[in-house]
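Sharing a model prediction with you, sequence too.
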Amino acid sequence: MAAAARDARYRRRQAVNGSLAYDLDYAVRERELRHAGESVRRKEPAQVHAAPKVLVRERQYVSKLAVLSVTAIMGLALLVLMNYVQLTLLSSETVKLQNQLEELETENVHLTAKYQQMFDMASVKEAAESAGMSKPSSTQMDRLDLSEGDSAVAYRQKEPGLLRRILSSLHGGVYAVVEYFD
């Protein structure tokens, strides 16, 4: 027996003297002993939907240099976009002007051919004869004799007065201003 008393399994509280049957109320008695003297807690009804706990990050410090850099990059991107728009407009205008140039060159060729046809000597002679024109006779022609020396007479005009010069100067100035703005 002494050996059995020293055995650890008999030293535990769960050991029962004299009976080997399980003590079914042991856990309930132990809980009551642990919580003896405490007030009775009421159980709160279980929540159906627990609100998820939102994790909030701390406010980050934003550098002024970073804000300035992002603003500058956005401004440059906007400038590049505006330049592409201008380039597209200029390209379309260039295409329109090239088409107009081709039309004008075609019209120039047509009008040049018509012009040369108008001054064809045969068509001029035919048009003159149909209008009743004929070559002049020898009696209708006068001959100039240029064997003598040339001479010319220059007449001197009277010099205008002061009032006349001022008026002509004002007239020229007003005319120049009007011509400039036309």
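Looks like it came in fine.

How about residues contacting the helix or strand that contains residue 123?
In this structure, residue 123 sits in helix 121-130 according to DSSP states H and E. With contact meaning CB atoms under 8 Å, 6 or more residues apart in numbering, helix 121-130 is reached by residue 117. (Glycine included, C-beta is placed from N, CA and C.)

For that helix, list the C-alpha coordinates in CSV.
Extracted in CSV, the C-alpha atoms of helix 121-130 (Å, rounded to 0.1, in the frame of the first residue of the first chain):
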residue,chain,number,x,y,z
MET,A,121,-2.9,85.0,-134.9
ALA,A,122,-5.3,83.0,-137.1
SER,A,123,-8.2,83.4,-134.6
VAL,A,124,-7.3,87.2,-134.1
LYS,A,125,-7.3,87.7,-137.9
GLU,A,126,-10.6,85.9,-138.2
ALA,A,127,-12.2,87.9,-135.4
ALA,A,128,-11.0,91.2,-136.9
GLU,A,129,-12.3,90.4,-140.3
SER,A,130,-15.7,89.3,-138.9
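
So which bits of that helix are buried?
By neighbour count, and taking 16 or more other CB atoms under 10 Å as the criterion, helix 121-130 has no buried residues at all.
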